[in-house]
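Q: I'd like to go over a predicted model; first the sequence, then the structure.
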Amino acid sequence: MSDNGQEQTRKSAGHVIVDTLAAHGVERTYVVPGESYLDVLDGLHNSSIETIVCRHEGGATYMAEADGKLHQRPGIAMVTRGPGAANAHVGLHTAWQDSTPLVLFVGLIPFEHREKEAFQEFDPKAWFGTGAKRVMILDHAERASEIVAEAMFAAMSGRPGPVVVGLPEDIIRHEISAELHPEIPVATGGMTVTDWKALNAALQEAEKPLFVFGGNDWSHEGAADFTCWLEEHDLPAAAEWRCEGTVPFDSPSYVGPIGYGRPKPTYDLLEETDLLIFVGTVPGDVITDGFNVRQNWEKKNFIVTIDPALRGRSGPVSHQIVAKPDVFVRDLLLMDLPVKDSWKEWTSRMRGEQEKFAQLPPATPSQGQAKMATMMSNLVKSLPEDALVTFGAGEHTNWAHRYFPTNGYASMISARNGSMGYSVPSAVAASLSYPGRRVVTIAGDGEFLMNGQELATATQYGATPLVIVMDNQQYGTIRTHQERQYPERVSGTQLANPDFALMAQAFGGFGVRVEQDADVPAALEAALKAIDEEQKFALIHLIVEQGVKAY
């Protein structure tokens, strides 16, 4: 009996876990089922949470990781013990390096079987302890709701990242109180008076200031306010690698991407600028070209991040502002600075370089083999304002970096840890999150087959991405490095591929194979028509020449 004399409602711990997730605003979970967490699956049966059944644990965690990038709450994945947990690890590493909030629930062996080398037994803390923010095991059923709330909090607090929750199959069947633990508020930081004065003074002193934005911890409103403030002050902003869109592609303040394979003008920016302000990210390995650029300790760098440890940064730190991006922007809006002529000239010059870099190639096909340049030109001209692009890793991604018009926060979803196989799962998650929105993924032929099976998931749940597979019959990025270090000794990088268009058709989507450049516009038109009129995903298998790069 409760204190007021009413009988207290009781449920299994597995059902309470589901109720707690729903109370935290979770809309869907990406799962590969296992007998180790059947009670949680049973709780999902009548829940408001949509259960997306995936075909591989790597695909499931990639989808959940992408979901975490798309929303201001953690993505949720559920897998089983042993082999299932091992397969899910790739998504955890992506969430760790990309600072994405993610909670991975892993079904475990019964409590009483522990440390007997039972079937599929493993030690979650030993496996995941160095690659997750926290690893929590539900050893006491009564704490089910509390541990879920703690996991959600841990994934979002400070620098966001992955959290693992282990669920012993016998513990989650115990009946407990159905009372739910309240959501734990996340501290957001903010500019102190000292921070505000220091940044104000640094900006007024600077002749060539540059903002660099990145990370997954923004809101749409915060990104829009940030863009307006930059434009009002004629100040430039560059994008962290694979984070384009926070400041829109067409903004006069956007001056291009900084990362692997970056165009030379943005490479030179880091040394030329006299004040760098990183917002939501840090000057890490990729931004600084392997800890080589911007290492002079006399350089002036302001870093805005909620992580007081500044994990992953290199080079000088002039001042740290401990704040999440939105809160920093809220305080930044109060800073009304006189616009210098030098700022206008600096921003205009770099914006001009970006516009030249992003100028579309001819849309009219040429003779001969299909070209990615023709595809991108025709694609971009067909896109609505809110189009979203996803991709994994490889040289094929540079076509999106250069040409895709990312016009808002979270319009580019990718794996900044360089993880291959991310393209299709992330596109499925994005399409499910935003039904009717134009979602495009650009996959390489090497990457596509790593998780192409999730097209079955797309069909099952009505996801409708456009999948462009750029097939150059090789692992292109590795081949580039190979030729640089071992010229004329091609080894281990060449591929023989199936017909991906037929594969797409077998999965229930639209598929077309394109070998000639003249056929590109019609293929794209047919693919978009299939998405819009038949409500199915579409795949274009584009056979291109080897060695042709975006830049």
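A: Everything's here; your move.
Q: Helices of the stretch 151-300 of the chain, residue ranges please.
A: Taking DSSP state H, counting those that start in this stretch, the helices of the stretch 151-300 of the chain run over residues 193-205, 220-232, 264-272.
Q: Ok, which of these comes nearest residue 42?
A: The closest of the helices of the stretch 151-300 of the chain to residue 42 is helix 220-232. By CB to CB, the value is 35.8 Å. In short, each C-beta sits where N, CA and C put it, glycine included.
Q: I'd like the average pLDDT over that closest one.
A: In this model, helix 220-232 has a mean pLDDT of 97.
Q: And stretch 471-481, by the same measure?
A: On average, the pLDDT along stretch 471-481 is 80.
Q: so where's the chain uncertain?
A: For the chain, residues meeting the criterion pLDDT under 70 lie at 1-8.
Q: Okay, angle between the helix ranked longest in it and helix 193-205 too, please.
A: Taking DSSP state H as the criterion, the chain has its longest helix at helix 341-358. Here the directions of helix 341-358 and helix 193-205 differ by 80 degrees (axes from the mean of the first three to the mean of the last three CA atoms, to 10 degrees).
Q: ok, and the closest non-adjacent residue to residue 385?
A: Of all residues not flanking residue 385 in the chain, residue 407 sits nearest, at 5.7 Å (CB to CB, 6 or more residues apart in numbering).
Q: again with residue 495
A: Nearest residue to residue 495, sequence neighbours excluded (CB to CB, 6+ apart): residue 473, at 5.1 Å.
Q: Report the contact partners of the closest residue to residue 198 other than its chain neighbours.
A: Spatial nearest neighbour of residue 198, chain neighbours left out: residue 319 (5.2 Å); criterion: CB to CB, 6+ apart. By CB atoms under 8 Å, 6 or more residues apart in numbering, the contact set of residue 319 is 195, 198-199, 202, 302-303.
Q: picking up where we left off before, pull out the buried positions in the helix or strand following the longest helix of the chain.
A: Next in sequence after helix 341-358, counting helices and strands by DSSP states H and E, comes helix 372-382. Neighbour-count burial for helix 372-382, counted by 16 or more other CB atoms under 10 Å, picks out 372-380.
Q: want to try CSV for these, with distance to residue 215 as columns?
A: Shown next, in CSV, are the buried residues of helix 372-382 (distance: CB to CB, whole Å):
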residue, distance to residue 215
372, 29
373, 31
374, 34
375, 30
376, 26
377, 31
378, 32
379, 27
380, 26
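Q: what's the farthest-apart pair in those residues?
A: 372 and 380, at 12.1 Å, using CB to CB across those.
Q: ok, the residue nearest to residue 495 touching residue 547?
A: No: Residue 473 is beyond contact range of residue 547, at 11.1 Å (criterion: CB atoms under 8 Å).
Q: Now for the nearest residue to residue 295 once chain neighbours are set aside, how many residues are close by?
A: In space, and not counting its chain neighbours, residue 295 is closest to residue 315: 5.0 Å by CB to CB, 6+ apart. Using other CB atoms under 10 Å, residue 315 is surrounded by 21 other residues.
Q: Would you mind measuring from residue 315 to residue 321?
A: To residue 321, residue 315 is 17 Å away according to CB to CB, to the nearest Å.
Q: Okay, buried residues for stretch 100-118 please.
A: Residues of stretch 100-118 classed as buried by neighbour count (16+ other CB under 10 Å): 100-109.
Q: Could you list the paired strands of the helix or strand residue 440 falls within along with their orientation?
A: In the assignment (DSSP H and E), residue 440 maps to strand 439-444. Applying DSSP bridges, strand 439-444 is found paired with strand 388-391 (parallel), strand 466-471 (parallel).
Q: Just put those in CSV and tack on mean neighbour count and distance to residue 449.
A: CSV is the format used below for those (neighbours: other CB atoms under 10 Å; distance: least, CB to CB, whole Å):
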stretch, mean neighbour count, distance to residue 449
strand 388-391, 30, 15
strand 466-471, 27, 9
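Q: Does anything pack onto the longest helix of the chain? Which helices or strands?
A: Here helix 341-358 touches strand 254-258, helix 264-272, helix 397-403, going by 3 or more CB pairs under 8 Å, 6 or more residues apart in numbering; DSSP states H and E.
Q: Residues touching the shortest one, excluding its own?
A: It refers to strand 254-258. Here strand 254-258 has contacts from 210, 212, 236-242, 244, 247-248, 262-263, 265-267, 269-270, 287, 347, 350-351, 353-354, 357, 401, using CB under 8 Å, 6+ apart.
Q: The longest one too?
A: Counting by CB under 8 Å, 6+ apart, helix 264-272 makes contact with 208, 210, 238, 255-258, 276, 287-289, 293-294, 350, 353-354, 357, all of which sit outside it.
Q: re earlier: these two touch, right, the residue nearest to residue 385 and residue 389?
A: No: using CB under 8 Å, residue 407 makes no contact with residue 389, being 11.0 Å away.
Q: Count the residues that sit near residue 545.
A: So residue 545, with other CB under 10 Å, has 12 neighbours.
Q: any idea how far the residue nearest to residue 410 when sequence neighbours are not counted lies from residue 430?
A: Excluding the flanking residues, the one nearest residue 410 by CB to CB, 6+ apart is residue 70, at 5.4 Å. Residue 70 is 6 Å from residue 430, where distance means CB to CB.
Q: now do residue 419
A: 16 Å.
Q: higher neighbour count, the two?
A: residue 430 (26 against 21).
Q: between the helix or strand hosting that one and strand 466-471, how big is the angle?
A: Element membership for residue 430 (DSSP H and E) is helix 423-433. With the same axes, to 10 degrees applied, the angle from helix 423-433 to strand 466-471 works out at 170 degrees.
Q: Now do helix 423-433: distance to the chain's middle.
A: Centroid separation for helix 423-433 versus its chain: 11 Å, with CA atoms, centre = their mean, to the nearest Å.
Q: hmm, back to that, name the element the residue nearest to residue 385 belongs to?
A: Applying DSSP H and E, one finds residue 407 in no helix or strand.
Q: Alright, calling it a day.
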